[in-house]
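*Asks:* need a structure here:
(chains A, B, C, D, E, F and G)
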Amino acid sequence: MKFKPLADRILGKIEEQEQKTESGIIIPDTAKEKPQKAKVEAVGGDVEHVKVGDLVLFAKYSGTELKLNDQDYIILKEDDVLGIFE
Amino acid sequence: MKFKPLADRILGKIEEQEQKTESGIIIPDTAKEKPQKAKVEAVGGDVEHVKVGDLVLFAKYSGTELKLNDQDYIILKEDDVLGIFE
Amino acid sequence: MKFKPLADRILGKIEEQEQKTESGIIIPDTAKEKPQKAKVEAVGGDVEHVKVGDLVLFAKYSGTELKLNDQDYIILKEDDVLGIFE
Amino acid sequence: MKFKPLADRILGKIEEQEQKTESGIIIPDTAKEKPQKAKVEAVGGDVEHVKVGDLVLFAKYSGTELKLNDQDYIILKEDDVLGIFE
Amino acid sequence: MKFKPLADRILGKIEEQEQKTESGIIIPDTAKEKPQKAKVEAVGGDVEHVKVGDLVLFAKYSGTELKLNDQDYIILKEDDVLGIFE
Amino acid sequence: MKFKPLADRILGKIEEQEQKTESGIIIPDTAKEKPQKAKVEAVGGDVEHVKVGDLVLFAKYSGTELKLNDQDYIILKEDDVLGIFE
Amino acid sequence: MKFKPLADRILGKIEEQEQKTESGIIIPDTAKEKPQKAKVEAVGGDVEHVKVGDLVLFAKYSGTELKLNDQDYIILKEDDVLGIFE
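*Replies:* Residues are numbered from 1 along each chain as shown, chains lettered A, B, ... in the order given. Predicted structure coming up:
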């Protein structure tokens, strides 16, 4: 069973928050809004700049969380994506 | 007696929230906004991407609940539908 | 003396809230926003999808209540109509 | 000295709130927002559906009240007019 | 030194609030929002319906107050003008 | 090093608030929102009606304050400018 | 691993807040919203007026903070950029 996000929404698998990532990116504890990373697994028909496989950064309290096969997923609007790691 | 949702609204039969569904989707208790599933039974004339029979995911506090023949229904705006299970 | 709703407004006679209607529709007590039914008696010039005689469902705290000849009426914007019973 | 409402505004003479009007319209005490009636005395240049002489219904906390020759007046935006008694 | 209001703004000299004006207009103490009168002294380039010399009515808490040569002035957006005394 | 305001923003040097200015303009203590004056030093590319050298009036709590060489500056959106002294 | 801001967003390296900068710009402690400076390192596809290498000023509570290789970064919408130091 596949999940198809609607319109400008994105389904992403949430990446574990490391203290220090390999790429050296750390989310400061003092940040008012801790961003998180997710791997994009599906995109809605109106999504323009994000594609399946992208590793995206999003603000922590945006979107709606889901659990699928014991993995944490997030459904985000494209506008809530801060940027893409390339 | 049939119910016809107006404009961009959708009538869905709410699916029981299992702890772990067959498809493996679990809604975490810690999610700030627990999403729910509904089977679409009728759509308004302005609904574009959802059709009768679709199994949709929606944020818990969106829409208006109804009871019909002891079943729980929800009236949602299409924009409140997070995505469709295919 | 007739009442003509303005623009996109609808005048409806509020139907008594039964515990269980003939059509089997029950409004759950636990619903955050109990919907109500009204029989449409007049519509404004910009109303598009609702006509006189329709039995409509609306969210309880939408619209403005009126009493006319000891009957409860509601003035609703068309957008506050959740759907029509056909 | 005449008062000319600007743009989409209406000047109305507020009608006394009777317990039961001749037309049988009663405003219930339990209504969250008691509507009131006013006789239209002047309209702004952008008013489309209301004319001088109309008896209009408006929500109580909309508009701005005025006193003129010991009479209560209201300045309303056309959009705050719920409907017209014909 | 002249003051030129910008865009859709109006500079008005606030008229003293009499208990009963010659034109018989009284602002009721019970009004939730006491309107005031001002004589228009300058208008911005986007003002359409108000001109220098007009006596306008405006809601008390709209606009920004100024003092010029011991007189009270108000800077209003045209949309905050309720109407004009003619 | 020059500062270039972006889009519809204006950089102004804040003028000291005198009790009574030469032009006779006094800001009343009782005003809910004390306006202030600034000399425009730079404008963004979308500013239409304000130019370098203008003495502008702005509402006190609009904009963002800066200090440059011990002088107080303000960065304002053009829409927050109430008017220009000519 | 590079970070690509989406749409109208900008990635900037936050500059340390000096008490008095070489350019003489001081952020007053009494300012309601202390602005900060950042060096632009990447811009999204819809950014129009800011380019990589620009030193920009932004309001402190706008944007989302990130840490990358022990440096503080900010992700801003272009509209949150107050101006550019040239």
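*Asks:* For the spatially most central residue of chain A, give the beta-bridge partners.
*Replies:* Geometric centre of chain A, nearest residue: residue A:38, 3.4 Å, by Cα atoms, centre = their mean. When bridges are assigned using DSSP bridges, the partners listed for residue A:38 are residue A:14, residue A:56.
*Asks:* hang on, isn't it packed against residue A:75?
*Replies:* No: counting by Cβ atoms under 8 Å, residue A:38 stays clear of residue A:75, with 10.0 Å between them. Where you see a C-beta, it was placed from the backbone N, CA and C, and this is true even at glycine.
*Asks:* What ranges does chain A have for its strands?
*Replies:* When assigned using DSSP state E, the strands of chain A occupy the ranges A:3-5, A:9-14, A:25-26, A:35-43, A:55-59, A:64-68, A:71-77, A:81-85.
*Asks:* Mean pLDDT for the ones you listed - can I get that in CSV?
*Replies:* CSV is the format used below for those (pLDDT from 0 to 100):
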stretch, mean pLDDT
strand A:3-5, 93
strand A:9-14, 96
strand A:25-26, 60
strand A:35-43, 94
strand A:55-59, 93
strand A:64-68, 85
strand A:71-77, 93
strand A:81-85, 95
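*Asks:* Out of those strands, flag the one nearest residue F:60.
*Replies:* Of all the strands of chain A, strand A:55-59 sits nearest to residue F:60, with 31.6 Å by Cβ to Cβ.
*Asks:* rewinding a little: please enumerate the shared neighbours of residue A:38 and residue A:75.
*Replies:* Taking Cβ atoms under 8 Å, 6 or more residues apart in numbering or on different chains as the contact criterion, the common neighbours of residue A:38 and residue A:75 are residue A:12.
*Asks:* How about the residues of chain A by chain B?
*Replies:* Where chain A comes near chain B, counting by Cβ under 8 Å from any Cβ of the partner chain, the residues are A:1-7, A:9, A:11, A:42, A:44-45, A:61, A:64-70, A:72, A:75.
*Asks:* Cross-check the contact I'm expecting between residue A:6 and residue A:47.
*Replies:* No: counting by Cβ under 8 Å, no contact exists between residue A:6 and residue A:47, whose distance comes to 10.3 Å.
*Asks:* Look at the two and report which has more neighbours.
*Replies:* residue A:6 (23 against 20; other Cβ atoms under 10 Å in any protein chain shown).
*Asks:* Quick check: that one vs chain F, distance?
*Replies:* As judged by Cβ to the nearest Cβ, to the nearest Å, residue A:6 and chain F stand 33 Å apart.
*Asks:* do residue A:54 as well
*Replies:* Computed as Cβ to the nearest Cβ, the residue A:54 to chain F distance reads 29 Å.
*Asks:* Enumerate every residue touching that residue.
*Replies:* Contacts here follow Cβ under 8 Å, 6+ apart; on that basis residue A:54 touches A:39, A:40, A:84, A:85.
*Asks:* so residue A:50 sits right up against residue A:41, yeah?
*Replies:* No: taking contact to mean Cβ under 8 Å, the distance of 11.2 Å between residue A:50 and residue A:41 leaves them out of contact.
*Asks:* What's the local residue count around residue A:70?
*Replies:* Neighbour number of residue A:70 under other Cβ under 10 Å is 8.
*Asks:* Which single residue in chain A comes nearest to chain E?
*Replies:* The minimum distance from chain A to chain E, using Cβ to the nearest Cβ, falls at residue A:79 (29.8 Å).
*Asks:* what about that residue, how many residues close to it?
*Replies:* Close neighbours of residue A:79, defined as other Cβ under 10 Å, add up to 10.
*Asks:* Then residue A:52?
*Replies:* The criterion is other Cβ under 10 Å. On that basis, residue A:52 has 13 neighbouring residues.
*Asks:* pretty sure it contacts residue A:44?
*Replies:* No: taking contacts as Cβ under 8 Å, residue A:52 lies outside contact range of residue A:44: 11.6 Å.
*Asks:* Please tell me how far residue A:51 sits from chain B.
*Replies:* As judged by Cβ to the nearest Cβ, residue A:51 and chain B stand 17 Å apart.
*Asks:* Just the pLDDT at that residue, thanks.
*Replies:* Per-residue pLDDT puts residue A:51 at 97.
*Asks:* what's near enough to touch it?
*Replies:* Counting by Cβ under 8 Å, 6+ apart, residue A:51 has contacts A:40, A:43.
*Asks:* Look up how far residue F:57 lies from it.
*Replies:* 50 Å (Cβ to Cβ, to the nearest Å).
*Asks:* what's the closest residue to residue A:37 other than its chain neighbours in contact with, if anything?
*Replies:* The shortest distance from residue A:37 to any residue that is not its chain neighbour, by Cβ to Cβ, 6 or more residues apart in numbering or on different chains, is 4.1 Å, and that residue is residue A:15. For residue A:15, the residues meeting the contact criterion (Cβ under 8 Å, 6+ apart) are A:36, A:37, A:38, A:39, A:55.
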